[in-house]
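Visitor: predicted model and sequence follow; I will ask about them next.
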Amino acid sequence: MTSNDVDTYTEGPIRDIQSDERVALDLGGGKQEIISKSDLLGLISAEFENGKDLTSIKVHSNSADGKDTQIQLHQHIWQTSLLTGPWKAEFESIWNKYIAIISSQAIPIEELQKLPGWKESVINFLDDLSTFASNEAAQRRLGNTNNAFSLG
């Protein structure tokens, strides 16, 4: 990143972004990318509201020579760049909502294991999947909409 690099969203030079508006994304290997905080927050908020996983959001960056780079905001970037530094609180509020949604959707394996016959049912289901093409009984079980493991 040089002072001649261009902010993708404002199309102005990075050097023109006020220092308290600059977010440095750690790309690993000593590389970083500077992005406008307000533009980044806007993009992340819009993508998140549209149901996108925060760790799969991609940001575009342009260098002065016109080279377009896509940066995926994977977990490493969130942990090393967005959830640290002076802008932490703003990104942390979005991240906490994301974690709450992810956590509410997950059923702990311990809870599933408490269900009567769960382990045997899983073993039977996996066996049916592996023999589906050649096993008519597996086809009936998995195709039967009255079966708990129905694929139909």
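Guide: Okay, I see it. Numbers count the residues shown, from 1 in each chain.
Visitor: can you tell me how far the residue nearest to the spatial centre of the chain is from residue 126?
Guide: For the chain, the residue nearest the mean C-alpha position is residue 55 (2.5 Å; CA atoms, centre = their mean). From residue 55 over to residue 126 the distance is 28 Å, taken as CB to CB, to the nearest Å. C-betas here are computed from N, CA, C, even on glycine.
Visitor: quick one: the strands in this protein, in order.
Guide: Under the criterion DSSP state E, the chain contains strands at 22-28, 31-36, 58-62, 68-72.
Visitor: which helices and strands sit right next to the last one?
Guide: Using 3 or more CB pairs under 8 Å, 6 or more residues apart in numbering; DSSP states H and E, the elements in contact with strand 68-72 are strand 58-62.
Visitor: pull the strand it packs on out as PDB, backbone CA atoms only.
Guide: Extracted in PDB, the C-alpha atoms of strand 58-62 (Å, rounded to 0.1, in the frame of the first residue of the first chain):
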ATOM      1  CA  LYS A  58     -15.100  -9.500   0.000                       C
ATOM      2  CA  VAL A  59     -13.700  -6.000  -0.200                       C
ATOM      3  CA  HIS A  60     -12.200  -4.500  -3.400                       C
ATOM      4  CA  SER A  61      -9.100  -2.500  -3.300                       C
ATOM      5  CA  ASN A  62      -7.500  -0.500  -6.200                       C
END
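Visitor: next, the angle strand 68-72 makes with that strand.
Guide: Between strand 58-62 and strand 68-72, the angle comes out at 150 degrees (axes from the mean of the first three to the mean of the last three CA atoms, to 10 degrees).
Visitor: could you check the angle strand 22-28 makes with strand 58-62?
Guide: Computed by the same axes, to 10 degrees, the angle separating strand 58-62 from strand 22-28 equals 100 degrees.
Visitor: before we move on, back to that, so the residue nearest to the centre of the chain sits against residue 79, correct?
Guide: No - using CB atoms under 8 Å, residue 55 makes no contact with residue 79, being 10.3 Å away.
Visitor: on that earlier part again, let me know which of the strands of the chain is tucked in deepest.
Guide: strand 31-36 (a mean of 18; mean count of other CB atoms under 10 Å).
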